[in-house]
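Engineer: Coordinates only, no sequence provided:
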């Protein structure tokens, strides 16, 4: 039996203050439907009055020209809306691995997330990446199995892929009724009601029925499994469950929420965002199951001077602390996105950047809706907004009150894997190009540039061919600078092969005061936490005066970063300075700096191994073409791992060096008559085989 056509949500939570705030991100593999879900959320919440479609280049959150042209999300966009008396701050993130920094920095400041999956494909390559990122930052999440109306949609297979490929514990809280063209609605397993979607509608209304008899048995089994899992996290519910009592809805929700906040389970919803089906119940799930700023632990940090561990609670009367997670460099001043963790940030206030030791003045505060802005006077704990006009602050910086300084943990920035040379087509644009590239580097920490000392060319690096292509197109379309680019090159690195104990003598005498410095240094390959350079001061007896030790370190670090003549920076090097000699007249800071650099160069001679980036690859092809694709990957030095069947398609996973993958999209199209697709992300650096090292270096000259 049906009730009247409904517009209100089945449940009306009673929350006030910070408890009624939700900071959420929407994350997934490319084309799973993240931006479409966001569009439907904004429409339902009456933040926009008509939905724009990604495939038409009209999506609200994809406002950049490159996004509209390509039909993909490139940069994360923030907005806010109201639903059921709750305020939601939402960040829509990219799905392409080349723009993974946008997901990384968004998840760093969010409290919860919606993971969107294609009902046909289930977990895909980038799904795994964003899931790991959410795990790293302790972000609870719920899942939305999207595109249930697509041919081949399989809810249970998608849920199973979450369990097997992500190592998660998915718990469906809805059961879809039908699939593909027959997708009618969902059964709410908490309330045990059939929620039917009107044939034509905009998602604002739904019909509520008792569960049809033909679905009742399956619904009862699924509800039993859901309640059994939830009862593990609530003693009151467990007592009722073991006695076969009737479990109250509120108690089930409380238990599901507790398990979700502990990241023990991931509730799963179903729908089709494009057809306006199921998104409103997903919104209810955000309110019912994801944390408010009060539900997450106090943010942790350290004192910038003493490294003493510190915490900040989400209270407005606590000392101010906030994190910068994104910068848009504009001609009128940087637009800096921030998340306030504690205290109150007011327009006109002066705050400290503990990384630089400098103060910043808060000029204007604005709430963002994609690229539109709304001025506000202050921000409290849990709020996400933007500051206009900060001078020396960049992504990952902490801002805080100067009388209670704190340094929050940084945002992990992945290394670039390919590079290419860039120069302006017209000489008059040379200075302007340098300025524009500096601006883009402030916005995107994964895009880097340096000048090759040997050639004088500017070399830029990034996360992939698409990443660099998008940046070059922006330079032309936004700044009207024509650029000539060299072909993409692999971002090789190098490591020391053997441990070396070396003495470097920097002694020069050419009339007047000379230069004298002798250092004895042990250089070796040691796995460091960040893959960087580690300096150990083991000098005893003063043979190297204390005032020169930092100069020795600087000289060693300079060669570590530059790679000397090869130009490839090193990884995982520990340098131990343990002895040396000085001269009371001829020793100087420059002499010991140069001696340190010389020591590293001596350790390099015949003692380096070239490293190349390997990518985690996932290829989807029709079964008929699988043999040809696997054979081609083997010829590219690929290591095929496992192969799964997805209907009449085959999913091939493996590792492959990026040096062998340039223009792979064209090769795959040719080998599969345009029916194959692939995605890849950085996995690790590996030694280049000795037989190929010289050839690899020559190819990159």
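Structural biologist: Cool, the structure landed. These figures come from a predicted structure and were not determined experimentally. Numbering: from 1, shown residues only.
Engineer: From now on I want contacts and neighbour counts done on CA atoms only, so please keep to that.
Structural biologist: Noted.
Engineer: Check the secondary structure at residue 528 for me.
Structural biologist: Following DSSP: H, G, I helix; E, B strand; the rest coil, we place residue 528 in the coil state.
Engineer: I'd guessed it sits against residue 572; true?
Structural biologist: Yes: using C-alpha atoms under 8 Å, residue 528 is in contact with residue 572, at 5.5 Å.
Engineer: So between those two, which is more surrounded?
Structural biologist: Set residue 528 next to residue 572 and count neighbours by other C-alpha atoms under 10 Å: residue 572 wins out with 19 against 13.
Engineer: Grab the nearest non-local neighbour of that one.
Structural biologist: residue 531 (4.7 Å; C-alpha to C-alpha, 6 or more residues apart in numbering).
Engineer: Which helix or strand contains that neighbour?
Structural biologist: For residue 531, there is no host helix or strand (DSSP states H and E).
Engineer: Any chance of the backbone angles for it?
Structural biologist: With angles defined as degrees, to the nearest 10, residue 531 sits at phi 70, psi 20.
Engineer: Any idea how many residues pack against it?
Structural biologist: Residue 531 - counted by other C-alpha under 10 Å - has 12 other residues nearby.
Engineer: Please apply the same query to residue 198.
Structural biologist: 17.
Engineer: can I assume it is in contact with residue 205?
Structural biologist: Yes: using C-alpha under 8 Å, residue 198 is in contact with residue 205, at 7.5 Å.
Engineer: which sections of the stretch 151-300 of the chain are below the confidence cut-off?
Structural biologist: 200-203 (pLDDT under 70).
Engineer: Run through the strands of it in chain order.
Structural biologist: Taking DSSP state E, counting those that start in this stretch, the strands of the stretch 151-300 of the chain run over residues 170-172, 174-177, 185-188, 193-196, 207-209, 266-270, 299-302.
Engineer: centre of the chain versus the fifth one, how much separation?
Structural biologist: Averaging C-alpha positions (C-alpha atoms, centre = their mean, to the nearest Å) puts strand 207-209 40 Å from its chain's average.
Engineer: Could you list every helix and strand in contact with it?
Structural biologist: strand 193-196 (3 or more C-alpha pairs under 8 Å, 6 or more residues apart in numbering; DSSP states H and E).
Engineer: which helices and strands sit right next to the strand it packs on?
Structural biologist: Short answer (3+ C-alpha pairs under 8 Å, 6+ apart): strand 193-196 packs on strand 185-188, strand 207-209.
Engineer: Buried deepest among the ones you listed, which one?
Structural biologist: The highest mean neighbour count among the helices and strands packed on strand 193-196, using mean count of other C-alpha atoms under 10 Å, belongs to strand 185-188: a mean of 24.
Engineer: Which strands border it, and is each parallel or antiparallel?
Structural biologist: Strand 185-188 sits in its sheet next to strand 174-177 (antiparallel), strand 193-196 (antiparallel), going by DSSP bridges.
Engineer: could you dump these to a markdown table with distance to residue 256 and mean neighbour count?
Structural biologist: Output for the strands paired with strand 185-188, formatted as a markdown table (distance: least, C-alpha to C-alpha, whole Å; neighbours: other C-alpha atoms under 10 Å):
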| stretch | distance to residue 256 | mean neighbour count |
| --- | --- | --- |
| strand 174-177 | 13 | 23 |
| strand 193-196 | 18 | 23 |
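Engineer: out of the ones you listed, nearest to residue 389?
Structural biologist: With respect to residue 389, and counting by C-alpha to C-alpha, the nearest of these is strand 174-177 at 46.4 Å.
Engineer: How many residues are close by residue 214?
Structural biologist: Going by other C-alpha under 10 Å, the residues that sit close to residue 214 add up to 8.
Engineer: should've said residue 102
Structural biologist: Count around residue 102 with other C-alpha under 10 Å applied: 25.
Engineer: How about residue 221?
Structural biologist: Neighbours around residue 221, by other C-alpha under 10 Å: 11.
Engineer: Could you do residue 547 as well?
Structural biologist: Neighbours around residue 547, by other C-alpha under 10 Å: 10.
Engineer: before we move on, what about the one 10 residues further on?
Structural biologist: As a burial measure, residue 557 scores 23 neighbours (other C-alpha under 10 Å).
Engineer: Now do the contacts for it.
Structural biologist: 533, 597 (C-alpha atoms under 8 Å, 6 or more residues apart in numbering).
Engineer: Check whether it sits in a helix, strand or coil.
Structural biologist: Assignment for residue 557 (three-state DSSP): helix.
Engineer: Same check on residue 618?
Structural biologist: Here residue 618 is strand, with the state taken from three-state DSSP.
Engineer: who's it bridged to?
Structural biologist: Beta bridges link residue 618 to residue 653, residue 679, judged by DSSP bridges.
Engineer: residues in contact with it?
Structural biologist: So residue 618 contacts 125, 651, 652, 653, 654, 678, 679, 680 (C-alpha under 8 Å, 6+ apart).
Engineer: cool, and residue 342?
Structural biologist: Residue 342 neighbours (C-alpha under 8 Å, 6+ apart): 312-322, 380-382.
Engineer: at 10 Å what do you get?
Structural biologist: 298-299, 311-322, 379-383, 400 (C-alpha atoms under 10 Å, 6 or more residues apart in numbering).
Engineer: For it, name its beta-bridge partners.
Structural biologist: Counting by DSSP bridges, the residues bridging with residue 342 are residue 321.
Engineer: residue boundaries of the strands in the stretch 601-701 of the chain?
Structural biologist: So, for the stretch 601-701 of the chain - with DSSP E, counting those that start in this stretch - the strands run 608-622, 639-646, 649-657, 677-687.
Engineer: got the angle between the longest one and strand 677-687?
Structural biologist: Between strand 608-622 and strand 677-687, the angle comes out at 160 degrees (axes from the mean of the first three to the mean of the last three C-alpha atoms, to 10 degrees).
Engineer: swap in the shortest one?
Structural biologist: Note on geometry: by the same axes, to 10 degrees, strand 639-646 and strand 677-687 are set 160 degrees apart in direction.
Engineer: Measure how far strand 639-646 is from the centre of its chain, please.
Structural biologist: Distance, centroid of strand 639-646 to centroid of chain: 26 Å (C-alpha atoms, centre = their mean).
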